[in-house]
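K.L.:
Attaching a predicted model along with its sequence, questions to come.
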Amino acid sequence: MRAAVYDRHGPAREVLRVEDAERPEPGPGEVRVRVEVSGINPTDWKSRSGATPRPIDGFQIPHHDGAGVIDAVGEGVDPGRNGQRVWLWMAAAGRRWGTAAEWTVVPEGAAVPLPDSASAELGASLGVPAMTAHRCLFADGPVDGKTVLVAGGAGAVGHFAIELAKRAGARVITTVSGPYKAELAAKAGADLVVNYREPGAAEQIRSFAGPGGVDHVVELALGANLQLDLAVLRPGARIVTYAAEAADPVLPVRACMTANVVLRFVLLYGVPPEALGQAVRDITAALAAGALTELPVIRFPLDEIAAAHEAVEGGAVVGKVLIVP
Ligand SMILES: NC(=O)c1ccc[n+]([C@@H]2O[C@H](COP(=O)([O-])OP(=O)(O)OC[C@H]3O[C@@H](n4cnc5c(N)ncnc54)[C@H](OP(=O)(O)O)[C@@H]3O)[C@@H](O)[C@H]2O)c1
């Protein structure tokens, strides 16, 4: 099969190569998937570059996320799963067989049925972003009736945070940096979209949230946004942070104490298995209900995987970068 492979950490063009590799066979409890679309997330380039290195077991085919069709099942797996359309999550976590190849093998629980109504592009966009969004929203209970602020509502995680929060009965405010991203965030269902780079963002959020203030923030830039967050939160509100900035912020402890704020951090690799299982069930139900949509997609052929990684790494892409093997 054709596969993208690296065997050491480094820049995309230096370490990623596309070559013929042996097609993997599913072991006990595993399924093999003919990959239709492979999704790239920031964690994939960070693992490959060594920015946040993950161990390489001889070689690594990158990418956790993808969508495709099961074409072989291992011992103990229901043969009825053959031919099933699936979306994939965490395919490359502690395993060689990421989704940037014509085939991958994953534990059967990491291949989740994809409804016919959902495109392969949407299926390949879900894993890391939607599961992270789910954890950031629900780690401490339901958000029904709450006012949730999602930072960066046109980003991959932000997009699904808006859609999952709306489906869960929250009022959703989101921040963006310009009109096109505002359009995407509104389309995802945000009740209020605010440009965080313009003056008056806090006032707009406060006036929409009402006297109680914001209950819950899904945050990706704690240092950059903490003043804004503290200006709009109700006492005792939560800030759930899922991304690290280039430099760690200095925490204004007294201001946080005054707000009685609760800080939580989320890293998908360490989320408890039962919470991941709940995320898979909730995302599946949301998909079936048509409540999840895809961002605009930017497709690259497998041979151009280095360019695709550079696009994600450059951070200027609006939408989701996908590989078609
Ligand atoms: N903890 C985890 O398990 C986990 C899981 C998934 C992702 N992540 C991390 O989360 C980050 C985002 O991932 P992603 O896939 O969602 O990336 P993405 O699709 O590129 O989205 C990032 C979004 O954040 C916006 N943004 C940047 N600075 C902002 C600020 N100060 N306030 C509001 N919005 C801001 C960007 O737009 P503008 O710059 O135009 O505002 C962009 O729309 C990455 O660093 C990734 O590594 C962590």
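P.N.:
Thanks, I have the structure now. Residues are numbered from 1 along each chain as shown.
K.L.:
Skip the chain neighbours and tell me the closest residue to the residue in the stretch 101-250 of the chain that the ligand sits nearest to.
P.N.:
Nearest residue of the stretch 101-250 of the chain to the ligand (Cβ to the nearest ligand atom) works out as residue 155 at 2.2 Å. Just so you know, the C-beta spots here come from the backbone N, C-alpha and C atoms, and that holds for glycine as well. Excluding the flanking residues, the one nearest residue 155 by Cβ to Cβ, 6 or more residues apart in numbering is residue 220, at 6.9 Å.
K.L.:
The one you found reaches residue 158, doesn't it?
P.N.:
Yes - with contacts counted by Cβ atoms under 8 Å, residue 220 reaches residue 158, the gap being 7.2 Å.
K.L.:
who touches both of those two?
P.N.:
Residues within reach of residue 220 and of residue 158 at once, by Cβ atoms under 8 Å, 6 or more residues apart in numbering, are 151, 152.
K.L.:
who's more crowded, the two?
P.N.:
Taking other Cβ atoms under 10 Å, residue 220 and residue 158 do not tie; residue 158 has more neighbours (28 against 21).
K.L.:
Phi and psi next, for the closest residue to residue 9 other than its chain neighbours.
P.N.:
Using Cβ to Cβ, 6+ apart and skipping the chain neighbours, the partner closest in space to residue 9 is residue 50 (3.2 Å). Per-residue torsions, residue 50: phi 100, psi 0 (degrees, to the nearest 10).
K.L.:
Test my guess that residue 50 contacts residue 12.
P.N.:
No - counting by Cβ under 8 Å, residue 12 is not a contact partner of residue 50; they are 11.6 Å apart.
K.L.:
between the two, who's got more neighbours?
P.N.:
Using other Cβ under 10 Å as the criterion, residue 50 and residue 12 rank with residue 12 on top: 21 against 13.
K.L.:
could you list every residue that touches that one?
P.N.:
By Cβ under 8 Å, 6+ apart, the neighbours of residue 12 are 45, 48, 49, 305, 306, 307, 309, 310, 313.
K.L.:
Please apply the same query to residue 171.
P.N.:
Applying Cβ under 8 Å, 6+ apart, the residues near residue 171 are 146, 147, 148, 191, 209.
K.L.:
looking at those residues, which has the most residues close by?
P.N.:
Among these, residue 148 has the most neighbours (other Cβ under 10 Å), with 28 neighbours.
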